[in-house]
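*Asks:* below: sequence and its predicted model.
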Amino acid sequence: MTQILSPELLLAALMLASTYALVAMGLNLIYGAMRLLNVAHGEVMMVGGYAAYWGFTALGVSPLLGLFGAMALAALLGAACYQLFFKSQTRNSAVAARLQANSLLIFFGLSIILQNVVSMAFTADARSYGYMDELVQVGSVSVAVNRLVILGISVGATVAVMAFFRFSIYGLAIRALIQQRDAASLVGINAERVNLAVFCLGFALAGLAGSLISMTESVTPFSGFPYTIAAFVVVILGGLGSLGGTLVGGLLLALVEVYGVALTSAAYRSILVYGLFILILFVRPQGLFGRKAI
């Protein structure tokens, strides 16, 4: 019982939950708006991680500033992906009916391309850097400053995205398109422009997550895959298309992972994550909050 109530575990769970929620939000946003499952989400994060790494080590740019460059690079990648692979397909009603299934193959191909391009450009060596890694005391817990920074930025970015969809005109337009695509088009909402914005925002959030994670973990061309799995688990937990559910899903996965490993062993981490994923698919496949608009 003492171990379960440990403030170290609680803080670790909160920090991991904020990261998972941010990682999954971009994935769930694209699905909610267009019903496309981006299995290359982790590779986009990896690109953001490399952008932060090279910005800091080669150019001397602080990762806190470099994250804007990582977001911009990821957003450009999202815009290119939409223009090249999905824009023409959304115009064709016959193809659009199969787009959700086809998107898995398209994004899978994109993930392989990104992994191999980065491997050829930078080799497969793990790359890391030290930034704000000194320890500070938070109550009775010693924690690295960079982890507190990640917690703060992740929470701030999540709140900003939620506020964007609740209060901005563009966010409301996206929500309207999600709720009733045909009716939204009839009242003058430009579906293609909204789709492009969703891709850019979803990819930018992945780039932000990758740049933040690079401050505490090594980056390799293949480091994104575990986060793709984690994002899918969070999305399934919270409900496909529900950004509010993403927050709860991220917290639940973090609690299961942190406390599960603490009570058992680190060797059980993958078993716990995949076990939770399979369990929720059997017990409540629509997620805790079901499928709804943002």
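*Replies:* Cool, got the structure. Since this is a predicted model, take the numbers as computed values, not measurements.
*Asks:* dihedrals phi and psi, V136?
*Replies:* With angles defined as degrees, to the nearest 10, V136 sits at phi -130, psi 160.
*Asks:* report pLDDT for it.
*Replies:* Looking at V136, its pLDDT is 91.
*Asks:* partners of it in the sheet?
*Replies:* V143 (DSSP bridges).
*Asks:* ok, it - contacts?
*Replies:* Neighbouring residues of V136 by C-beta atoms under 8 Å, 6 or more residues apart in numbering: S142, V143, A144, V145, L148. To be clear about C-beta, it is placed using only N, CA and C from the backbone, and glycine gets the same treatment.
*Asks:* M132: which of these is nearest?
*Replies:* Nearest to M132 among the contacts of V136: V145, at 4.2 Å, using C-beta to C-beta.
*Asks:* low-confidence regions, the stretch 1-150 of the chain specifically.
*Replies:* For the stretch 1-150 of the chain, applying pLDDT under 70 flags the ranges 1-5, 90-97.
*Asks:* how about the helices in it?
*Replies:* Ranges of helices in the stretch 1-150 of the chain, per DSSP state H, counting those that start in this stretch, are 7-34, 41-57, 63-81, 87-91, 93-96, 99-122, 145-167.
*Asks:* out of these, which one sits most buried?
*Replies:* Most buried of those, by mean neighbour count (mean count of other C-beta atoms under 10 Å): helix 41-57, with a mean of 26.
*Asks:* what helices and strands are in contact with that one?
*Replies:* Judged by 3 or more C-beta pairs under 8 Å, 6 or more residues apart in numbering; DSSP states H and E, helix 41-57 is in contact with helix 7-34, helix 63-81, helix 99-122, helix 191-213, helix 225-238.
*Asks:* name the surrounding residues that touch the third one.
*Replies:* In other words, helix 99-122. 34-40, 42-44, 46-47, 50, 81, 85-86, 89-90, 95, 221-222, 224, 228.
*Asks:* re the thing from before, out of the helices and strands packed on helix 41-57, nearest to Y129?
*Replies:* For Y129, the closest of the helices and strands packed on helix 41-57 is helix 63-81, at 8.0 Å, according to C-beta to C-beta.
*Asks:* which helices and strands does that closest one pack with?
*Replies:* If you count contacts as 3+ C-beta pairs under 8 Å, 6+ apart, helix 63-81 packs onto helix 41-57, helix 191-213.
*Asks:* now the angle from that helix to helix 145-167?
*Replies:* Calculated by axes from the mean of the first three to the mean of the last three C-alpha atoms, to 10 degrees, helix 63-81 forms an angle of 50 degrees with helix 145-167.
*Asks:* the helices and strands packed on helix 63-81 into CSV, with extra columns for distance to N102?
*Replies:* Shown next, in CSV, are those (distance: least, C-beta to C-beta, whole Å):
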stretch, distance to N102
helix 41-57, 17
helix 191-213, 15
